[in-house]
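K.L.:
Predicted model and sequence follow; I will ask about them next.
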Amino acid sequence: MSEPRVRMEQVSRRFGAVTALDELTLDIPPGELLTLLGPSGCGKTTLLRIIAGFERPSSGRIRIDGADVTSVPANRRPTNLVFQRPTLFPHLDVLGNVAFGMQVARVGKAEQRRKVAEALALVRLEGYERRRSHELSGGQMQRVALARALVNRPAVLLLDEPLSALDLKIRLEMEVELRRVHRETGATFVYVTHDQREAMALSDRIVVMDRGRVEQVGTPAEVYRRPSSVFAASFVGDANVLPVDVLEADATSALVGLGSHRRRVEARDAARGPAWLVLRPEAVRVAGAPADVGGDAPAGLVRDAAFRGTGFTYRIELTGLGVELKAETPPSSVHAVGDRVTVEWDASACWLLPRGGEDEAATPA
Amino acid sequence: MTARLRGGPLVLATPAAAGLLLFFVAPLAAFGVYSFLTGALYEVKPPFTLGNYEDVFAGNLNGKLARNSLVVGLLSATVCVAAALPMAYWLRYASGRRRTVALFLIVASFLASYLVRIYAWRSILGENGVINRALEGVGVISEPLGFLLYNRFAVTIALVHIFLSYVVLVLYAALAPLQASYLEVAQDLGAGRLQRWRRVVLPLVAAPALSAFLFVFVLSASDYVTPQFLGGTNGALLGLEVQVSFIGTGDYAYGAAIAFCMLASFVVCYALIALGLRLTRLDKVRFAT
Amino acid sequence: MSGGRRSPLAGTFTLVGLVFLWAPLALMALFSLHATASLSFPFEGFSTRWYAQVLDSPEVRSAARNSLIVASATAVGTLVLGTLAAYGLTRSRSRLRGPLTLLFFLPITLPGLFLGVAMLVGFRRAGLSLSLLTVTIAHLVYVFPFFFMVARAALARLDPALEEMAMDLGADRFTTFRRVTLPQVWPVLVGAACLAFALSFDEFVITFFVIGPDSTLPLYVWSSLRRTIDPSINAISTLLLLFTTLLFAITVLLASWGERRRKGRTAEAPLGLVPAAVERAG
């Protein structure tokens, strides 16, 4: 296994009584686009700034390409940071901004110009050298900031919610650009965001964080389909998290009880007893009244119905269970508020998580 | 009551405008003309002449005064700006309590009256003043130092004391848009402390700093009270000569001529600075956010 | 070390700077309480005799009275003229705005020396003998740009929709000003007038040229500086400093109170218009 590009060993950061990061250990292989995902205050920005060198960990070590950089100041680390706001120097034009690092390092003028042209071509802003920041749009400024960070060929590119200050439409375009730039440069990106949709669209791997700890590390698909905790399940995408009891279990499946209903679901060596059933809204099928459908499907009352263009979103209160289910159905599944309906899902389309006494039931967003 | 303003709301500004035109612009114009007339006791008479200007440039006195004014002006302005920069920088990025206290102290010292400061420095720098007494008491010197007062040095110190708070506040305001993230970006791109100052902070405060520089220079060079009390013969400035012409000798035409020469040189300085800023494209630095 | 912003060097420098700024003033205040007439160390005990002497002196009292008169006249004059000018300028779209603004800021561009001599010439030409009136006029010219700057900013900050609403409800300009604009903005304006008062009270450089037989306090201090050398000057200076600081504190408090009040009252202001509309209809 080749040397990871970035290695964090037991990194902690404490601010007085508050622990922002708790013994965090993580390896980032070269060329990966890794996203730190979590709610505000989870420590993701702190971790990014520690990698960049703007914060010192209270304990632990950081290694970049094997070398211990924990006490190396920010201006001497092979990292570059793209901030949330473009932060372009207003007294310099685009050329001056992108070439800033090279000027500090006293690179020759001709080479500066060449590299700047390359970097601007990479972010599709060829010919913008003479523009000033107040002549650029928000998206263009952020692309210049990206070029400015990339032109120095850093070992690691750090991005701190770079798209959150942009309009939605520009944001979606920039996501495509970022993926392309990542592909074309093959650089290692560490990306921070609280937007799970963005995280899933961009990343090779996602690190889900909460309160200074790593909840789960995995590919977007893994984190989405096999969340390791209730927090991960409800933070990454919508989730219905239903309290169930595992009645029987074997190597490949389990029989769970949801109130008086029995369902068989796919599971690996599930433990008997209380559990959470994680069900994504798009996996839920809504059918007509119990009397018409028959069988043991849970029944409920439609409390809310919204048309999405690509289908419907229903909120269904399951009778006798005190649980509300969110369902996303195709346009053919039409129901009105107040209708009695039954809900169905495939055995393979759900996921079991252990339930201790302290977990709260998570309601869908 | 229905009152319509004829001519639009701007008409409300008429009294103020009229007052300023009458009591400021008109006298200024008359004053300009005075320099071309012949001076008599506390008034001027025809014929028109350039004699006053000849007198201004003749002789050694005005040359010496002009040199003094230039030196004192440049020195005060330089010291003010150079000292105010680190102070404004610290204020900008200091946190909470410390910043409030320091800011309050600076603004409060700004309020002290002009004469009060001159008086204070005269007491301090004199042969019986605090500095000499302290040095004698400690045993460093046996005779009081005479060179502290009644020269350009004393005038400069007092002028710096007068203008420093103002320059600090101007530069502090100029640094306001420079959020810490800009400095972090610069550091991230490899710039050490000195580089950050040279490449990020200084270019951004260049225009306000030079404007403050000019302000202190002009006001210092035309000051007449400070040299009167602290300058002695060696520290006399041109402004003093103007004052003496108008109040002392009563030669209005000559006084007006000196004043206009001073004004002309100030305009030249302003033009040079404005040109310099325009050429280096540092004149209009606008922050995008 | 976050972002390298902390600079102990700059911190030390600031400390030195603050000491430089305050030491002379503090020393001066200290010696105003000196028991003897000496102005340097060793310090020979505390006494308030100099304050008593100063406060009893008829010359000081008359000079102080004159300063108060001039400063009050200046403050009131500036308040009226400046508010009208600022209001007229911010509510107009005429092309004359630019040149007028330039005119209003012009006095600030000249050092006091030139202002003083120019106005002296002007008064002489007009045949006006020098007196407290000429001083007041000169102060008005000097102080006007400061007041105008504050007033213009304050009036520009107001939500124009409120005035438009008032006029839509039937109020004319004058009523609108009285019932909508003024209630929002008067604290800042009064604060700026306070500032004008302080500037006028302390003014020396221009006053020197245009004053007649009556003295103002700064003029008195100046002539004292030429004659006496005893702590009575320290006493006057300290009193002046305290007085100006007090005025400035009032200005700041009024301005910030006014801003907080305005921000919280924007919903209530239109309610004052209902009586105005009724007035007009009835």
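P.N.:
Ah, there it is.
K.L.:
wait, does stretch B:240-256 make contact with chain C?
P.N.:
Yes - applying CB under 8 Å from any CB of the partner chain, one finds stretch B:240-256 touching chain C at B:Val242, B:Gln243, B:Phe246, B:Ile247, B:Tyr252, B:Gly255, B:Ala256. For the C-beta atoms, the positions are set from N, CA and C on the backbone; glycine is no exception.
K.L.:
Against B:Val218, how distant is A:Ala289?
P.N.:
Note on A:Ala289: its distance to B:Val218, by CB to CB, to the nearest Å, is 90 Å.
K.L.:
Of the two, give the one with the bigger neighbour count.
P.N.:
B:Val218 (23 against 12; other CB atoms under 10 Å in any protein chain shown).
K.L.:
what about the residue nearest to the more buried one when sequence neighbours are not counted, which helix or strand?
P.N.:
Nearest residue to B:Val218 in three dimensions, chain neighbours excluded: B:Phe266, at 5.1 Å (CB to CB, 6 or more residues apart in numbering or on different chains). Under the criterion of DSSP states H and E, B:Phe266 resides in helix B:252-279.
K.L.:
which residues in chain B form strands?
P.N.:
With strands called from DSSP state E, chain B shows them at B:38-40, B:43-45.
K.L.:
Can you say which of those is packed in most?
P.N.:
Of those, the one with the most neighbours on average (mean count of other CB atoms under 10 Å in any protein chain shown) is strand B:38-40, at a mean of 18.
K.L.:
Nearest to A:Ser234 among the strands of chain B would be which one?
P.N.:
strand B:43-45 (89.3 Å; CB to CB).
K.L.:
Isn't B:Ile131 up against B:Leu125?
P.N.:
Yes - if you go by CB atoms under 8 Å, B:Ile131 and B:Leu125 touch, sitting 6.4 Å apart.
K.L.:
quick one: contacts for residue 245?
P.N.:
You didn't pick a chain, so chain A it is. Contacts for A:Asp245 (CB atoms under 8 Å, 6 or more residues apart in numbering or on different chains) come out as A:Val256, A:Gly257, A:Gly273, A:Pro274, A:Ala275.
K.L.:
that's the wrong chain, I wanted chain C
P.N.:
Contacts for C:Thr245 (CB under 8 Å, 6+ apart) come out as B:Ala108, B:Leu111.
K.L.:
thinking B:Tyr252 is in contact with C:Gly122, fair?
P.N.:
No - the criterion here is CB under 8 Å, and B:Tyr252 misses it with C:Gly122 at 11.8 Å.
K.L.:
Now C:Pro42: phi and psi?
P.N.:
Note on C:Pro42: its backbone torsions stand at phi -70, psi 150 [degrees, to the nearest 10].
K.L.:
what packs against the helix holding B:Phe266?
P.N.:
helix B:26-34, strand B:38-40, strand B:43-45, helix B:51-57, helix B:202-221, helix B:238-243, helix C:112-126 (3 or more CB pairs under 8 Å, 6 or more residues apart in numbering or on different chains; DSSP states H and E).
K.L.:
Give me the angle between it and helix B:202-221.
P.N.:
With axes from the mean of the first three to the mean of the last three CA atoms, to 10 degrees applied, the angle from helix B:252-279 to helix B:202-221 works out at 180 degrees.
K.L.:
for the stretch 1-150 of chain B, what spans make up the helices?
P.N.:
B:14-20, B:26-34, B:51-57, B:61-93, B:96-110, B:114-125, B:130-138 (DSSP state H, counting those that start in this stretch).
K.L.:
Tell me which helix or strand the residue nearest the centre of chain A sits in.
P.N.:
The centre of chain A sits closest to A:Ala199, judged by CA atoms, centre = their mean, with a distance of 3.3 Å. According to DSSP H and E, A:Ala199 maps onto helix A:196-202.
K.L.:
what are the pairing partners of the helix or strand that that helix is followed by, and which direction each?
P.N.:
As assigned by DSSP H and E, the chain's next helix or strand after helix A:196-202 is strand A:205-210. Strand A:205-210 has the following strand partners under DSSP bridges: strand A:33-37 (parallel), strand A:213-218 (antiparallel).
K.L.:
How far away from the center of its chain is the shortest one?
P.N.:
Looking back up the chat, that one is strand A:33-37. 6 Å (CA atoms, centre = their mean, to the nearest Å).
K.L.:
In JSON lines: the strands paired with strand A:205-210, plus mean neighbour count.
P.N.:
Converted to JSON lines, the strands paired with strand A:205-210 look like this (neighbours: other CB atoms under 10 Å in any protein chain shown):
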{"stretch": "strand A:33-37", "mean neighbour count": "26"}
{"stretch": "strand A:213-218", "mean neighbour count": "19"}
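K.L.:
right, and these - which one's nearest A:Asn152?
P.N.:
Of all those, strand A:33-37 comes closest under CB to CB, at 18.6 Å.
K.L.:
Let's see the helix or strand that comes right after the closest one as CSV, backbone CA atoms only.
P.N.:
Remark: after strand A:33-37, the chain's next helix or strand is helix A:44-52, criterion DSSP H and E. Extracted C-alpha coordinates of helix A:44-52, given in CSV (Å, rounded to 0.1, in the frame of the first residue of the first chain):
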residue,chain,number,x,y,z
LYS,A,44,-14.8,19.7,10.0
THR,A,45,-13.5,23.2,9.4
THR,A,46,-11.2,23.0,12.4
LEU,A,47,-9.7,19.8,11.0
LEU,A,48,-9.2,21.5,7.6
ARG,A,49,-7.5,24.4,9.2
ILE,A,50,-5.2,22.1,11.1
ILE,A,51,-4.2,20.4,7.9
ALA,A,52,-3.6,23.8,6.4
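K.L.:
quick one on the thing from earlier: out of the helices of the stretch 1-150 of chain B, flag the one nearest chain A.
P.N.:
Comparison of the helices of the stretch 1-150 of chain B against chain A by CB to the nearest CB identifies helix B:61-93 as nearest, at 14.1 Å.
K.L.:
Quick check: closest non-adjacent residue to B:Gly231.
P.N.:
Once flanking residues are discounted, B:Gly231 sits nearest to B:Val155: 4.8 Å by CB to CB, 6+ apart.
K.L.:
and what of B:Leu28?
P.N.:
Setting aside the residues directly before and after it, B:Leu28 is nearest to C:Ala118 in space (CB to CB, 6+ apart), at 4.7 Å.
K.L.:
try A:Val341
P.N.:
A:Val341 sits nearest to A:Val286 (CB to CB, 6+ apart), 5.2 Å away.
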